[in-house]
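[1] Here is a sequence with its predicted model. Questions after.
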Amino acid sequence: MRLASRPNSPIRRLVLNDVGPFISAEALAANSDRAASISVYATED
């Protein structure tokens, strides 16, 4: 935002996305479940 607000900035348009201050209990539980089920993927190493 600071760079975009400067005179002669190369940024002509800026879109900001803010999720807001509230996260429901259901969303927290879903994120917790996803984090707990970390998958391990095969690598080429």
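    On my side now, so go ahead.

[2] In this structure, what helix or strand scores lowest on average pLDDT?
    The weakest-scoring helix or strand in the chain, judged by mean pLDDT, DSSP states H and E, is helix 25-36 (a mean of 84).

[3] Can I get that one in PDB? Just the C-alpha atoms.
    The C-alpha trace of helix 25-36 is given here as PDB (Å, rounded to 0.1, in the frame of the first residue of the first chain):
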ATOM      1  CA  ALA A  25     -15.500 -22.000  15.300                       C
ATOM      2  CA  GLU A  26     -16.400 -24.200  12.400                       C
ATOM      3  CA  ALA A  27     -13.700 -22.600  10.200                       C
ATOM      4  CA  LEU A  28     -11.100 -23.000  13.000                       C
ATOM      5  CA  ALA A  29     -12.000 -26.600  13.400                       C
ATOM      6  CA  ALA A  30     -11.800 -27.200   9.600                       C
ATOM      7  CA  ASN A  31      -8.300 -25.600   9.500                       C
ATOM      8  CA  SER A  32      -7.200 -27.600  12.500                       C
ATOM      9  CA  ASP A  33      -8.300 -30.800  10.900                       C
ATOM     10  CA  ARG A  34      -6.500 -30.000   7.600                       C
ATOM     11  CA  ALA A  35      -3.300 -29.100   9.500                       C
ATOM     12  CA  ALA A  36      -3.400 -32.300  11.500                       C
END
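
[4] Ala4: which element?
    helix 2-5 (DSSP states H and E).

[5] how far out from the middle of the chain is that helix?
    With Cα atoms, centre = their mean, to the nearest Å as the basis, helix 2-5 stands 20 Å off its chain's centre.

[6] now this protein, which segments are flagged as low pLDDT?
    Residue ranges of the chain with pLDDT under 70: 38, 45.
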